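Asker: this is the structure alone, sequence omitted:
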């Protein structure tokens, strides 16, 4: 018995860009799934990440948390992906440099500097 294995980070059909001081890596994300995480920031919609093509910059910044859509004390390149069935997994990109995450309806792209 058992269920079929799930693909957790699907880079098929995407390009890996790896240059001096820059890396870009993308993964497909199932559209009904919910993403949470990617740094310490305040979002108007709560903890669920918007998947509208907006660029989220992961960079530490010390401001009061009453402001929305700003970075706070920590940058954690970790996201939790949860499917409508309730199954979930997390992905952590070990990196201490500044980076952007682009969240689209069907994908997530990391753009890493340094």
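Answerer: Noted; the coordinates are in hand. The structure presented is a predicted model; accordingly, all values stated were derived computationally and were not measured.
Asker: contacts, neighbours, all on C-alpha from now
Answerer: Noted.
Asker: name the residues that touch the lowest-mean-pLDDT helix or strand in the chain?
Answerer: Using mean pLDDT, DSSP states H and E, the weakest-scoring helix or strand in the chain turns out to be strand 55-58, at a mean of 86. Contact partners of strand 55-58, identified using C-alpha atoms under 8 Å, 6 or more residues apart in numbering, comprise 38-39, 71, 75-77, 98-103.
Asker: what lines up beside it in the sheet?
Answerer: strand 99-104 (antiparallel) (DSSP bridges).
Asker: neighbouring contacts of the strand it pairs with?
Answerer: Contacts of strand 99-104 (C-alpha under 8 Å, 6+ apart): 49-59, 108-113.
Asker: list the buried residues of the helix or strand just after it.
Answerer: As assigned by DSSP states H and E, the chain's next helix or strand after strand 99-104 is strand 107-113. Residues of strand 107-113 classed as buried by neighbour count (16 or more other C-alpha atoms under 10 Å): 107-113.
Asker: looking at those residues, which is nearest residue 30?
Answerer: Closest to residue 30 out of the buried residues of strand 107-113 is residue 107 (7.8 Å), distances taken as C-alpha to C-alpha.
Asker: can you give me phi and psi for residue 35?
Answerer: The phi and psi values for residue 35, taken as degrees, to the nearest 10, are phi -110, psi 140.
Asker: what about the residue nearest to it when sequence neighbours are not counted, neighbour count?
Answerer: Counting by C-alpha to C-alpha, 6 or more residues apart in numbering, residue 81 is the residue found nearest to residue 35 once chain neighbours are left out, at 4.7 Å. By other C-alpha atoms under 10 Å, 20 other residues sit near residue 81.
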